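Asks: compute the structure for the input listed below.
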Amino acid sequence: MTRVVSHRIETVSGTLTMPGDKSISHRALIIGASAVGETKIYGLLEAGDVMATALALRNLGADVKKNSDGSWSVFGRGVGGLSEPTEILDMGNSGTGVRLLMGLVAAHPFNTIFSGDTSLCARPMGRVIYPLRRMGAGFNAHSGDTLPLIVQGSDMLRPVTEALTVASAQVKSAILLAGLNTRGQTTVVEAFPSRDHSENMLEAFGAEISIVEEERGKAITLTGYPELLAQNISIPGDFSSAAFPMVAALITPGDGILINNVCLNSLRKGLLDTLLEMGAKINIKHHDVLSGEQVGDILVKFGLLKGVRVPSERAPKMIDEYPILAVAAACAEGKTVFEGVSELRLKESDRLSAISRGLAACDVEVDETKDSISITGKGKAPLGGGHILSNMDHRVAMAFLVLGMVTEKPIIVDDAAYIDTSFPGFIEVMNGLGGDLRAGVEL
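Replies: Have a look, this model is predicted:
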């Protein structure tokens, strides 16, 4: 465990480029391993979560390596061409990696054992298990449908039409990946849309996908047994990571910051929409398309924010950004309410409780219910001084380190080690913008 203390600073400024998008990085590796030929990936996020997926794919028979120019190559095995691993696939802290790979191996005729760290082994996998079981895969999971678990795969799965009651890109992607090696058409119906990186990338590799708006939602249909062909993929910067320096610039006086080449997928930018409603000074420059994804440069400047109501239907577009949005809300004028956010209790930690406890420890008025939270700001930085228990949650740790950049009293985060699962170099990046984050002795 590595303690980090964040001290108040006077100004933030600079230009930066974010690490590659984590969601897209996972999918580039996984779909590349199911394609024919060499897929070259530029800008892959070299963080713990993504590296766990890369190692798991190597154990499944795919050749995954880093090249001398910094790019990565995946020599695919073709649809249904993976081999039985000889060891347990340790996914570390990667919820995305394990859930997507569960779908992929479910359509292969061998057993795969998944495990992970303490945090990942506490996270529920039932939402992925149940539809894959209906397709014909077998599962032997720990009590509560948690890791460690065994996927008993089959190359004779049945296509299904699965209606999702909760927006989940991970569940949707697992079903579609299982559908690659399944005869016929596999359909996922979303009542509430979730991020569509899997659909975008599968189409780029040559999969046959149709998307139809129905009365009950958006129906995504994949036709099985496609021949996926290797691609060159350029991965834009991760918006979820960009959120931390963005909010730091919004709440700290200075010249502002410019963040280059950030993914602006329309189903990922709920935080951007919310911050603009709060009065944030944010401009998008040089809008472009990169490997099928919308990208742009984000210019952010300091200014007064006001409290807003964040409706539940926006949650799927910003589910990873609520911890840092809570920091913005704590510095805004008036009350901000997050509605319909019970899903936050099922992340790397119970993020709803972590936000509530952390803000209260920093002298912020906060009220938590089962599926909502209200934060009352005073239009200025709160007192601070809290000692934050991160509970192995990288986004909680980063959010409170950003808050400590403006509070009167320093904020201590008990363990920042897990930040490297998504944002390697976070402390150096923030200090490069003017921050004063100091890594303490190991506890």
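
Asks: check what pLDDT the residue lying closest to Ser312 once chain neighbours are set aside gets.
Replies: Spatial nearest neighbour of Ser312, chain neighbours left out: Gly340 (2.3 Å); criterion: CB to CB, 6 or more residues apart in numbering. Using the backbone N, CA and C atoms, a C-beta is placed for each residue, glycine as well. With respect to pLDDT, Gly340 has a value of 95.

Asks: quick one: contacts for Gly340?
Replies: The contact partners of Gly340, taken as CB atoms under 8 Å, 6 or more residues apart in numbering, are 311-313, 315, 371-372.

Asks: and what of Gly292?
Replies: Contacts here follow CB under 8 Å, 6+ apart; on that basis Gly292 touches 200-201, 203-204.

Asks: could you pull out the helices for the stretch 151-300 of the chain?
Replies: The residue ranges that make up the helices of the stretch 151-300 of the chain, judged by DSSP state H, counting those that start in this stretch, are 169-180, 197-204, 239-251, 270-277.

Asks: could you identify the helix or strand that succeeds the helix or strand hosting Met102?
Replies: Take DSSP states H and E as the rule and Met102 turns out to sit in helix 95-106. Once the chain leaves helix 95-106, the next helix or strand it forms, by DSSP H and E, is strand 111-115.

Asks: so where's the stretch 101-250 of the chain shaky on pLDDT?
Replies: Using pLDDT under 70 as the threshold, the predicted model of the stretch 101-250 of the chain has no low-confidence range.

Asks: report all helices and strands that the helix or strand encompassing Gly358 contacts.
Replies: Using DSSP H and E, Gly358 falls within helix 351-361. Of the remaining helices and strands, those touching helix 351-361 by 3 or more CB pairs under 8 Å, 6 or more residues apart in numbering; DSSP states H and E are helix 322-331, strand 365-368, strand 373-378, strand 387-388, helix 394-403.

Asks: what's the angle from it to helix 394-403?
Replies: 20 degrees (axes from the mean of the first three to the mean of the last three CA atoms, to 10 degrees).

Asks: could we number from 252 for the rest of this?
Replies: Understood, numbering begins at 252; the last thing we discussed is helix 602-612.

Asks: what does helix 602-612 contact?
Replies: 573-574, 577, 581, 592-593, 595-596, 617, 619, 624, 626, 633, 636-642, 644, 646-647, 650-651.

Asks: report the distance from it to the chain centre.
Replies: 20 Å (CA atoms, centre = their mean, to the nearest Å).

Asks: quick one, that helix and helix 573-582 angle?
Replies: With the same axes, to 10 degrees as the criterion, the two stretches helix 602-612 and helix 573-582 enclose an angle of 30 degrees.

Asks: how about helix 602-612 as PDB, C-alpha atoms only?
Replies: Output for helix 602-612, consisting of C-alpha atoms alone and laid out as PDB, is shown next (Å, rounded to 0.1, in the frame of the first residue of the first chain):
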ATOM      1  CA  ARG A 602     -18.400   3.800  -5.000                       C
ATOM      2  CA  LEU A 603     -21.600   5.500  -3.700                       C
ATOM      3  CA  SER A 604     -20.600   4.900  -0.100                       C
ATOM      4  CA  ALA A 605     -17.000   5.800  -0.900                       C
ATOM      5  CA  ILE A 606     -18.000   9.100  -2.300                       C
ATOM      6  CA  SER A 607     -20.300   9.800   0.600                       C
ATOM      7  CA  ARG A 608     -17.800   8.900   3.300                       C
ATOM      8  CA  GLY A 609     -14.900  10.700   1.600                       C
ATOM      9  CA  LEU A 610     -16.800  14.000   1.000                       C
ATOM     10  CA  ALA A 611     -18.100  14.000   4.600                       C
ATOM     11  CA  ALA A 612     -14.500  13.500   5.900                       C
END
